[in-house]
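Asks: got a predicted model here, sequence first, then my questions.
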Amino acid sequence: MEPEAAVDFVRSLAREHREKDVDLVLERQESLAVRVHKGRVEKVDQSTARGLGIRIVNEGRTGIAFTERLETHALEQAFLAAKENATLLDPTEVVMAEPPADIPHAGALGVYNPELESLTVADLEAAALEMESRALQADSRVTAVSRLAVYRSASERRLVSVHGVDYRQRQNSVGGYCQALLEENGSRKSGSYFWNQRHWDPAAIATVGETATKRGADLLGAKPIAGGRLPVVLDPDCAPDLLSFFFGSFSGEAAQKGRSRLKGKLGQVIADEAIDLEDDPHRRGAGGSSYLDAEGIPTRRIPLIESGRFANFLYHIESARKEGTQSTGHAGRGYTGGISTTSHNLVMPLGNESLDDLTAIPEKCLLVTELEGGAGCNSLSGDISIGVQGFWVENGRRVHPVDSVTLAGNFFDLLKAIRARGNAYQPNLSRRFIPALLVDGLVVSS
């Protein structure tokens, strides 16, 4: 069954069963990736997945079910399962949204480029082989290129309700990544880099390999450093990655469940007075941009931190009603599951300093360029304990690379200890726009 017919069939089931509160999410995802190794194509991965999720609200009780087969029997079974599931749960504060007026066409968000759909396996293969060649030629100390691929991906999402909501959005991107291994005098390091955009640029993709090699080469000969409480500069890649472990604290649902230390702190100072943070769902071309959330609520810019003060929680319909307020348009939902709280594009304004300028502000500092997992980062307490790599910097000069270093502190203390911000975001497609940060007083241990 074609997607349009599947949507119409679910609508007809709602009428037949006299269900007045029904909505559905229809998703389709496609990907094509070419992996190369030692000058040959190692693997071509091509996949297509689609599914339809049904939500029924009956007397305040919510039932959810899904199917990945758009056939009459499968759709009917999913509908009946959602209806039965609604009888098994306790009543909630869910009220389905009415259709909003004057929602712009999703194409205005700039998240879909039709030209990318014409890229072939041959196009991706040529770019991948050139990337590998450049990675190997960039430094004689390269021992292997362990991971390398060029890919394109696309997705399409449609939200439909019996109340009249009908929103479609397509988005796609193309990218490549490379990891190179290097060795010198018993020191072994890996360097990695990726490129991800909404336009095809073979020249830019080709440079990913040599950039990965350079990053690994820069870390050869790394040494531990003396521990202590030190100024730390998080580069434009690491700053958003580290902070993103803790952005769930801004969820109203998390606060209601006792999973956010920000509960009860609206209006209080939680960051340096120079810090602002907002969620911007309409940022052109960004990874989380959308005009409607997963419940059909119009999205809008929401300030989270204003001049250091905690300004807003993020809500979907149920969590907002529990709080006696309105949804902020932050419901997330895939076709296989229920409603959760999600952000769109988190944005911290740029500062005035380049990365080199930031590292020159303190007499000595640790510049962090690699994070090593996040198992030691506790989103509830805000505690940070994470392995890092980077450079020891004195008077703005990189003295030597460092490894075997752990960074420790607390997210909520970090927000108050930000002393300066970089003047650029990391260049790839993202939904976290956080510049490099100079942070005072994190604990470094070797």
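Replies: Sure, I can see it.

Asks: and A97, how many residues sit next to it?
Replies: The number of residues packed near A97 is 21, by other CB atoms under 10 Å. Backbone N, C-alpha and C define where each C-beta goes, glycine included.

Asks: for it, what are its contacts?
Replies: Residues near A97 by CB atoms under 8 Å, 6 or more residues apart in numbering: S161, H163, V165, E295, G296, I297, I317, S327.

Asks: redo that, cut-off 10 Å
Replies: 23, 159, 161, 163-165, 292-293, 295-298, 317, 327, 329, 331 (CB atoms under 10 Å, 6 or more residues apart in numbering).

Asks: same thing with A254?
Replies: Residues in contact with A254 (CB under 10 Å, 6+ apart) are G248, S260, R261, L262, K263, F313, L314, S319, T341, S379, L380.

Asks: quick one, which of the residues you listed are buried?
Replies: G248, S260, R261, L262, F313, L314, S319, T341, S379 (16 or more other CB atoms under 10 Å).

Asks: tell me which of these fall in helices.
Replies: Among these, the members found in helices (DSSP state H) are S319.

Asks: ok, the buried ones among the contacts of A254 vs P224, which is closest?
Replies: Comparing these against P224 with CB to CB places S379 closest, at 28.4 Å.

Asks: now distance to V41 too, for the contacts of A254, in CSV please.
Replies: Output for the contacts of A254, formatted as CSV (distance: CB to CB, whole Å):
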residue, distance to V41
G248, 40
S260, 47
R261, 49
L262, 49
K263, 53
F313, 49
L314, 44
S319, 48
T341, 42
S379, 40
L380, 45
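
Asks: circling back to that earlier point, how about the buried ones among the contacts of A254 in TSV, adding distance to L415 and pLDDT?
Replies: Shown next, in TSV, are the buried ones among the contacts of A254 (distance: CB to CB, whole Å; pLDDT from 0 to 100):
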residue	distance to L415	pLDDT
G248	15	96
S260	14	96
R261	11	95
L262	11	97
F313	16	98
L314	17	98
S319	23	96
T341	20	97
S379	14	90
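
Asks: how is the chain divided into domains?
Replies: 3-218, 222-446 (automatic domain parsing).

Asks: what separates the last one from the chain centre, distance-wise?
Replies: Okay, so that is domain 222-446. Chain-centre distance of domain 222-446: 12 Å, with CA atoms, centre = their mean, to the nearest Å.

Asks: can you give me the end-to-end distance of it?
Replies: 12 Å (CA to CA, to the nearest Å).

Asks: picking that back up, for the contacts of A254, which one is nearest G288?
Replies: L314 (12.1 Å).

Asks: which stretches of the chain have low pLDDT?
Replies: For the chain, no stretch is flagged by pLDDT under 70.

Asks: quick one, helices of the stretch 51-200 of the chain?
Replies: 72-88, 121-137 (DSSP state H, counting those that start in this stretch).

Asks: summarise which helices and strands the first one is packed against.
Replies: Translated: helix 72-88. helix 3-16, strand 22-37, strand 40-58, strand 61-67 (3 or more CB pairs under 10 Å, 6 or more residues apart in numbering; DSSP states H and E).

Asks: how does it look with 8 Å?
Replies: Identification of packing neighbours for helix 72-88 by 3 or more CB pairs under 8 Å, 6 or more residues apart in numbering; DSSP states H and E yields helix 3-16, strand 40-58, strand 61-67.

Asks: I'd like these laid out as TSV, including mean neighbour count and distance to S173.
Replies: What follows is these, written out as TSV (neighbours: other CB atoms under 10 Å; distance: least, CB to CB, whole Å):
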stretch	mean neighbour count	distance to S173
helix 3-16	16	22
strand 40-58	17	15
strand 61-67	20	25
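
Asks: what's the closest of the ones you listed to E130?
Replies: Closest to E130 of those is strand 40-58 (CB to CB; 13.0 Å).

Asks: partners of the closest one in the sheet?
Replies: Strand 40-58 pairs in its sheet with strand 22-37 (antiparallel), strand 61-67 (antiparallel), by DSSP bridges.

Asks: please enumerate the strands of the stretch 101-250 of the chain.
Replies: Remark: strands assigned in the stretch 101-250 of the chain by DSSP state E, counting those that start in this stretch are 142-161, 166-184, 187-197, 228-234.

Asks: on that earlier part again, the helices and strands packed on helix 72-88: which one's closest to A226?
Replies: Judging the helices and strands packed on helix 72-88 by CB to CB, what sits closest to A226 is strand 40-58, at 43.8 Å.

Asks: can I get the helices of the stretch 51-200 of the chain in a markdown table including mean neighbour count?
Replies: Formatted as a markdown table, the helices of the stretch 51-200 of the chain follow (neighbours: other CB atoms under 10 Å):
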| stretch | mean neighbour count |
| --- | --- |
| helix 72-88 | 17 |
| helix 121-137 | 20 |
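
Asks: now tabulate the ones you listed in a markdown table and tack on distance to I270.
Replies: Listed next are the helices of the stretch 51-200 of the chain as a markdown table, based on distance: least, CB to CB, whole Å:
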| stretch | distance to I270 |
| --- | --- |
| helix 72-88 | 39 |
| helix 121-137 | 43 |
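
Asks: for D440, find the nearest of these.
Replies: Using CB to CB, the helices of the stretch 51-200 of the chain put helix 121-137 closest to D440, at 37.3 Å.

Asks: ok and the closest one relative to strand 187-197, angle-wise?
Replies: 150 degrees (axes from the mean of the first three to the mean of the last three CA atoms, to 10 degrees).

Asks: quick check: which helices or strands does helix 121-137 pack against?
Replies: strand 22-37, strand 40-58, strand 142-161, strand 166-184, helix 202-219.

Asks: just the element for A254, please.
Replies: helix 252-256 (DSSP states H and E).

Asks: quick one: contacts for K364?
Replies: K364 touches L230, P231, W392, V393, E394, N395, counting by CB under 8 Å, 6+ apart.

Asks: if we can go back for a sec, let's have the strands paired with strand 40-58 in CSV, adding distance to K416.
Replies: Output for those, formatted as CSV (distance: least, CB to CB, whole Å):
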stretch, distance to K416
strand 22-37, 40
strand 61-67, 40
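
Asks: closest to V10 out of those?
Replies: Closest of the strands paired with strand 40-58 to V10 is strand 22-37, at 5.4 Å (criterion: CB to CB).
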